[in-house]
Each structure stands twice: as structure tokens, then as C-alpha cells.
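*Asks:* Provided below for reference: sequence and predicted model.
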Amino acid sequence: MILRVTYPESLKDAYECATGNFGIPQNEHGGTVVGTVVYPQANQKSCSRSHHFDVSFKSQPADLPIFLLADRGNCYFALKVWSAQNAGAAAVLIADNINITIPSALITKALGDRIKEALSAGEMVTVNLDLEGVSSLGEHVEPLRPR
């Protein structure tokens, strides 16, 4: 995925970034989402419920949608995004402080259980993790809902 910063000039560039591949995007057909970034003074890790933000992320009719910039840490990514969504954000950018360089995949619990059973039975489990054409348009694994 590419994040293109269009303003200010000092940041203007295209940046590679990872996709948070959970949930179901409103635009199932891909495309581009344009917005303006907000970094709140409170709840900067976006781990608290939506009412703990010091700003509203609901954009006015003539304004661009609001993207929350949140710091990594203290809770799951799904909770960060869920909190921001409830506060009206259109998207979330998570500032990563860990340089992860290996691929990962979120699988369903059912598949995980089946793999565990096969391993427990002494079977060798071999997989192919296809990294070509990675998209958020396929099936989605539903994240745990905060209580």
C-alpha cells in the first residue's frame, strides 16, 4: 500500500506502508481515500473509548474526512481503529515504533484450531503465504470486539 502525502511540501512524497487487513472497508472496490490528519493531545495511542479524544473526527460537509494519527502500543490495532471509527474518523494511521520485516497473516480461529490439531497429531503442516497481489478486498477476519 502506498500513502501519498500531498501537503506540506516538506513531507510531500509516496511512502510504503502496511495494510491493517481486518474489518470490512466501506469501499469494497479499492480506490483512494483522501483526508486530513489529526494527532490528538489526549488518547494518542487510541486505546480508550471514543469519548476520550479531545477532538471530534467528524468532518463538516465542506471539509475533507479526518484521518487519526495514533501511536503504536498499549492495545491491539483493532481496538485503536474501532475507537477512532466510533469517534468519526475516516481512517487511521498508526505510527509504528517497531521495524517488522517479516510477513504475517491473520487467520480464522477455525483454521488455527485445525492446524493445531494436525500438529498435535504429529503431522507436518506446510503452507504457502502468497504475497503477490495482497489486497484487503478478499475475505476478512473479524477482529474481537472490545467490551
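*Replies:* Cool, got the structure. Numbers count the residues shown, from 1 in each chain.
*Asks:* can you name every helix or strand that the helix or strand bottoming out on mean pLDDT in the chain contacts?
*Replies:* Least confident helix or strand of the chain, by mean pLDDT, DSSP states H and E, is strand 13-16 with a mean of 84. With contacts taken as 3 or more CB pairs under 8 Å, 6 or more residues apart in numbering; DSSP states H and E, strand 13-16 sits against strand 2-5. (Glycine included, C-beta is placed from N, CA and C.)
*Asks:* what pairs with the strand it packs on, parallel or antiparallel?
*Replies:* strand 13-16 (antiparallel) (DSSP bridges).
*Asks:* what does the strand it pairs with rub up against?
*Replies:* 1, 2, 3, 4, 5 (CB atoms under 8 Å, 6 or more residues apart in numbering).
*Asks:* what's the offset of that strand from the middle of its chain?
*Replies:* Between the centre of strand 13-16 and the centre of its chain there are 17 Å (CA atoms, centre = their mean, to the nearest Å).
*Asks:* what about dumping the CA coordinates of that strand to CSV?
*Replies:* Extracted in CSV, the C-alpha atoms of strand 13-16 (Å, rounded to 0.1, in the frame of the first residue of the first chain):
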residue,chain,number,x,y,z
ASP,A,13,6.2,12.1,-1.2
ALA,A,14,4.9,8.5,-1.6
TYR,A,15,5.6,6.2,1.4
GLU,A,16,5.2,2.4,1.6
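*Asks:* quick one on the thing from earlier: return the member of the contacts of strand 13-16 nearest to residue 117.
*Replies:* Closest approach to residue 117 among the contacts of strand 13-16 (CB to CB): residue 1, at 34.1 Å.
*Asks:* quick one on the thing from earlier: mind putting the contacts of strand 13-16 into CSV with neighbour count?
*Replies:* Formatted as CSV, these follow (neighbours: other CB atoms under 10 Å):
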residue, neighbour count
1, 12
2, 8
3, 12
4, 10
5, 13
